[in-house]
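1. coordinates only, sequence not included:
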């Protein structure tokens, strides 16, 4: 009922009161089990892939200087290992993006999914055997790196689980973008490229797991408090 032109709007109830009233907030929305599994699989697939693929290179492979893409390039020994790992990593990110439907902002999930698609395309467009480079590979790899760094900031929610709130999300995005910048500097200098890329890609693969894991724990804690009340 409108009492007058200057009627005051009702303020939203504090989060604790909304939870007591049975209203769902970002803290009590669970992440599906498949999201936990996909986010946990991502770093395992990536790190396991580059480790096994490097070990299969005859004559050795300098992981500190050479890139992950070199392991999937035409002419690499058993290139299918790293190719499959990159494709699997992309699928993991796509699956995690779908699992975050109820807990993350839509824009962030779309960007995470975009990072997953671009990662799959990195496997589709390998580097040539002569080391001359590939425009398609560079484009999709660069887009994947940027998307996997930016998505945390775009997924933030004020009522979200701990690592989906604005401050930690912004810090995560800034850190990941900083790592991408470091990788770019090392790539330009042609020194320590492999190390910079692996640290950057590893951090990007681990952050979705940190998000899904803490979101699961937060939702479990809320449910336990409700069951005791």
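-> Ah, there it is. Quick caveat, the model's predicted, so the values are computed rather than measured.
2. got any ranges where the chain has weak pLDDT?
-> The chain contains residues with pLDDT under 70 at 1-28, 229.
3. output the longest helix belonging to it.
-> For the chain, the helix reaching the highest residue count under DSSP state H is reported as helix 193-228.
4. and it, what's buried?
-> 193-198, 200-216, 218-219, 222 (16 or more other C-beta atoms under 10 Å). Every residue, glycine included, has its C-beta placed from N, CA and C.
5. what is it packed up against?
-> Contact partners of helix 193-228 among helices and strands, from 3 or more C-beta pairs under 8 Å, 6 or more residues apart in numbering; DSSP states H and E: helix 15-20, helix 33-55, helix 68-72, helix 80-99, helix 135-154, helix 166-189.
6. quick one: closest of those helices to residue 111.
-> Judged by C-beta to C-beta, the one of the helices and strands packed on helix 193-228 that comes nearest to residue 111 is helix 135-154, at 4.1 Å.
7. wait, residue 36 sits on residue 211?
-> No. Between residue 36 and residue 211 no contact is recorded; they are 10.5 Å apart, counting by C-beta atoms under 8 Å.
8. follow-up on the earlier one: could you check the angle the longest helix of the chain makes with helix 80-99?
-> Using axes from the mean of the first three to the mean of the last three C-alpha atoms, to 10 degrees, the direction of helix 193-228 lies 30 degrees away from that of helix 80-99.
9. can you tell me which of the helices and strands packed on helix 193-228 is packed in deepest?
-> helix 68-72 (a mean of 24; mean count of other C-beta atoms under 10 Å).
10. packing partners for it?
-> In terms of contacts (3+ C-beta pairs under 8 Å, 6+ apart), helix 68-72 is packed against helix 33-55, helix 80-99, helix 106-124, helix 193-228.
11. make TSV out of those helices and add distance to residue 143.
-> TSV is the format used below for the helices and strands packed on helix 68-72 (distance: least, C-beta to C-beta, whole Å):
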stretch	distance to residue 143
helix 33-55	17
helix 80-99	12
helix 106-124	5
helix 193-228	13
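12. so which of those helices gets nearest residue 163?
-> Each of these has some distance to residue 163 by C-beta to C-beta; the shortest is helix 193-228, at 4.8 Å.
13. how far is that closest one from where the chain is centred?
-> Per C-alpha atoms, centre = their mean, to the nearest Å, the displacement of helix 193-228 from the mean C-alpha position of its chain is 10 Å.
14. looking at the helices and strands packed on helix 193-228, which is nearest to residue 114?
-> When those are ranked by proximity to residue 114 (C-beta to C-beta), helix 135-154 comes first, at 4.7 Å.
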